[in-house]
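> sequence below, structure please.
(chains A and B)
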Amino acid sequence: MTIASGPQVGVTLYSFTNEWLLRQFDLPGLLHEVARRGMGPNIEIIGFQSFKEFPDVSDDFAAKFKDMVAEAGLNPVSCAINSDRFLKPGQQPIDDADLVEYHKRQLRSAKKMGFSLVRYQFALPVHLLPEIAPYAEELEIRMGVEVHAPMWAGHPAVQAYGEMYDKLNTPVLGWIPDFGGTASRIPESMLDAARRAGAAESLLDKLKEVWCEDGMSHEKAGRLREWALANGHAPAHIQAASLAFFILSNHDPRSWAALVDRTIHIHGKFYGVSEDLVEEAIDYETILPLFRDGGFTGTLVSEWEGHAYDARDAFLQVERHQAMCRRIFAT
Amino acid sequence: MLPVERIIGEEGLTASSGGLRLAMRLPWYRSLPFSTVEVGALAIDGNPVDLSDAAIAFDGEQWPLAANGEQTNTFWFVRDSAFLVVPGHDLAPGSEHSVELTLYVSPPYIPGMRRFNTQTQSLSVN
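Coordinates of the predicted model:
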């Protein structure tokens, strides 16, 4: 077993969502491309994006997947699972027992495929952790809850999870920071995409203003929507502009320091890295040293989310992002 | 159009035994339970199509569109097309039609989020 001496840099296949949806690669092909470009060996895969059999992966497929990653020389570190609690839109969330079982199905599949940890989500109510943690212990797989915008270290839900983590005191539970929660600004590339979709400058100015205000993301999205409808903006333009509320928030980048100790994996969220290796919205120069100096030895996976609004070359973006992260970690 | 915005599938429009079959792609980055997806509207050559007797077909299974909201444990694999099957429409193979489709997606881990996508495309009937 390799002993990690510092943070590792890998990639999540989520970065290649455009290429995947366009069917430019099948799974073995994408794994080979990632390996060929030296973006591994550590990778993350979203179960519900790349595995047709998810959440119940068969033994047969699990064996095939293990062969695939071994052949490509990759290491399946993280499997992103989902806390799908609202299966019937507009109705009550599913029962706690069903939600627990939904997680167990995904944990079993991830373990079977050789992943060492899963990413899970705050949509899992904190009071269910005592039921799920022993199952993860039994399977010997770690679970990291993704601290994703609008969450951040100081969010009440994160605090409640932290208290439960203290109470359960198990090494299988931890954090997966996603840096989108501490963006310094809305990426210009995202604003450009909204402009291309027809959004007027006045709508984007208001977006930038409301995005910096206090409040929950959905409240702020509602505030923008109300203003925009009253001022004659089209629903499609409002939808394009509102994306920023759901994937980015503007909390203090230094706030991650509070979570370093229990961080088991990192989503290196980014939107666009320039030729001179600077990310356009997230302050990596401030954030990464917190983890480097705090003793983090897990994997940061490059997670390009520009595909949500842009068709740039994801491979080029990931190459730049990994170069940027390696440089900062090595400083 | 971004790949994630595409909702009319690559397999297009097919005439089949007195009805039509339209390929649909899921406008999201990951697979979702069918219950979280709604077919909002379909129009062919500008005429709204009655979907009361329509069905969804996916991976060898088929169920009424009206019961789609109950499909909480059937997952639409994001890389595959699902098919909207509409009886009672006679379209000649080879004929060209303007197809307008609207889908709504409510991601099941983001309370309150409901996105819509509309796509219009000219298709030659297979």
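
> how far off centre is stretch B:31-48?
Here the centre of mass of C-alpha atoms in stretch B:31-48, compared against the chain's by C-alpha atoms, centre = their mean, to the nearest Å, lies 5 Å away.

> quick check: beta-bridge partners of the residue nearest the centre of chain B?
The residue at the geometric middle of chain B, judged as the C-alpha nearest the mean C-alpha position with C-alpha atoms, centre = their mean, is residue B:24 (4.0 Å). Beta bridges link residue B:24 to residue B:8, residue B:82, judged by DSSP bridges.

> quick one: residues contacting it.
For residue B:24, the residues meeting the contact criterion (C-beta atoms under 8 Å, 6 or more residues apart in numbering or on different chains) are B:7, B:8, B:9, B:39, B:81, B:82, B:83, B:84, B:101, B:103. C-beta here means a position set from N, CA and C on the backbone, and glycine is covered the same way.

> in a markdown table, list the residues you listed along with distance to residue B:29, neighbour count and pLDDT.
Listed next are the contacts of residue B:24 as a markdown table, based on distance: C-beta to C-beta, whole Å; neighbours: other C-beta atoms under 10 Å in any protein chain shown; pLDDT from 0 to 100:
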| residue | distance to residue B:29 | neighbour count | pLDDT |
| --- | --- | --- | --- |
| B:7 | 14 | 23 | 98 |
| B:8 | 18 | 22 | 98 |
| B:9 | 17 | 18 | 98 |
| B:39 | 20 | 19 | 97 |
| B:81 | 16 | 19 | 98 |
| B:82 | 16 | 22 | 98 |
| B:83 | 21 | 19 | 98 |
| B:84 | 22 | 23 | 98 |
| B:101 | 19 | 22 | 98 |
| B:103 | 15 | 23 | 98 |
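
> from those, which is closest to residue B:91?
Proximity of the contacts of residue B:24 to residue B:91 (C-beta to C-beta) peaks at residue B:84, which lies at 13.6 Å.

> who in the stretch 151-300 of chain A is up against chain B?
A:218, A:239, A:246 (C-beta under 8 Å from any C-beta of the partner chain).

> now these as TSV including distance to residue A:316 and secondary structure?
Listed next are those as TSV, based on distance: C-beta to C-beta, whole Å; DSSP: H, G, I helix; E, B strand; the rest coil:
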residue	distance to residue A:316	secondary structure
A:218	34	helix
A:239	28	helix
A:246	26	helix
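
> now flag whichever of the residues you listed is closest to chain B.
Proximity to chain B was ranked across these by C-beta to the nearest C-beta; first place goes to residue A:218, at 5.5 Å.

> ok, that closest one - contacts?
Neighbours of residue A:218 in contact, by C-beta under 8 Å, 6+ apart: A:245, B:111, B:112, B:113.

> switch to 6 Å and redo it
Contact criterion C-beta atoms under 6 Å, 6 or more residues apart in numbering or on different chains gives residue B:112 as the residues in contact with residue A:218.

> still on that earlier bit, state the pLDDT value of the residue nearest to the centre of chain B.
Looking at residue B:24, its pLDDT stands at 98.

> how far away is it from residue B:106?
With distances taken as C-beta to C-beta, to the nearest Å, residue B:24 is found 16 Å from residue B:106.

> picking that back up, ok, so of the residues of the stretch 151-300 of chain A next to chain B, who is nearest residue A:110?
Taking C-beta to C-beta as the measure, residue A:110 sits nearest to residue A:246 out of those, at 25.5 Å.

> so which bits of chain B are right by chain A?
By the criterion of C-beta under 6 Å from any C-beta of the partner chain, the positions of chain B lying close to chain A are B:3, B:29-31, B:33, B:35, B:72, B:77-78, B:106, B:108-109, B:111-112.

> repeat that for 8 Å
Chain B comes close to chain A at residues B:2-4, B:6, B:10, B:25, B:29-33, B:35-36, B:38, B:69, B:72, B:75, B:77-80, B:106, B:108-116, as judged by C-beta under 8 Å from any C-beta.

> make a ChimeraX selection of the buried ones in those.
For anyone working in ChimeraX, the buried entries among these, judged by 16 or more other C-beta atoms under 10 Å in any protein chain shown, can be selected with:
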select /B:2,3,4,6,25,29,30,31,32,33,35,36,38,69,72,75,77,78,79,80,106,108,109,110,113,115
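
> out of the residues of chain B next to chain A, which are inside helices?
Of the positions in the residues of chain B next to chain A, not one sits in helices, assigned by DSSP state H.

> among the residues of chain B next to chain A, which ones are in strands?
When the residues of chain B next to chain A are checked against strands using DSSP state E, the ones located there are B:10, B:32, B:33, B:38, B:75, B:115, B:116.

> and which of these is nearest to chain A?
Nearest to chain A among those is residue B:33, at 5.6 Å by C-beta to the nearest C-beta.

> which residues sit in contact with residue A:152?
A:158, A:181, A:182, A:249, A:251, A:252, A:255.

> who are the contact partners of the last one?
Contacts of residue A:255 were listed using C-beta under 8 Å, 6+ apart, and they are A:152, A:153, A:154, A:182.

> cool, and the fourth one?
With C-beta under 8 Å, 6+ apart as the criterion, the residues that contact residue A:249 are A:149, A:150, A:152, A:180, A:181, A:182, A:183, A:211, A:217.

> for the third one, same thing?
Listed by C-beta under 8 Å, 6+ apart, the contact partners of residue A:182 are A:152, A:249, A:250, A:251, A:252, A:253, A:255, A:256, A:282, A:283, A:287.

> list the buried residues of the helix or strand harbouring the last one.
In other words, residue A:287. Taking DSSP states H and E as the definition, residue A:287 sits inside helix A:284-293. Along helix A:284-293, the positions that meet the burial threshold by neighbour count (16+ other C-beta under 10 Å) are A:284, A:287, A:288, A:290, A:291, A:292.

> how much space between the second one and residue A:179?
Yep, that's residue A:287 we're talking about. The value you get for residue A:287 to residue A:179, if C-beta to C-beta is used, is 6 Å.

> what do you get for the fifth one?
In this view, residue A:291 and residue A:179 are 10 Å apart by C-beta to C-beta.

> what is in contact with the two at once?
Taking C-beta under 8 Å, 6+ apart as the contact definition, residue A:291 and residue A:179 share the neighbouring residues A:256, A:266.

> before we move on, the earlier item: out of the contacts of residue A:182, which comes closest to chain B?
Chain B lies nearest to residue A:249 out of the contacts of residue A:182, by C-beta to the nearest C-beta, at 14.1 Å.

> tell me where the stretch 1-150 of chain A has helices.
Counting by DSSP state H, counting those that start in this stretch, the stretch 1-150 of chain A has these helices, from start to end: A:17-21, A:27-36, A:47-50, A:59-72, A:96-112, A:129-139.

> list the buried residues for the second one?
Neighbour counts over helix A:27-36 (16+ other C-beta under 10 Å) mark A:27, A:30, A:31, A:32, A:33, A:34, A:35 as buried.

> in TSV: the residues you listed, plus pLDDT and distance to residue A:306.
Formatted as TSV, the entries for the buried residues of helix A:27-36 read as follows, by pLDDT from 0 to 100; distance: C-beta to C-beta, whole Å:
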residue	pLDDT	distance to residue A:306
A:27	98	22
A:30	98	18
A:31	98	22
A:32	98	23
A:33	98	18
A:34	98	18
A:35	98	23
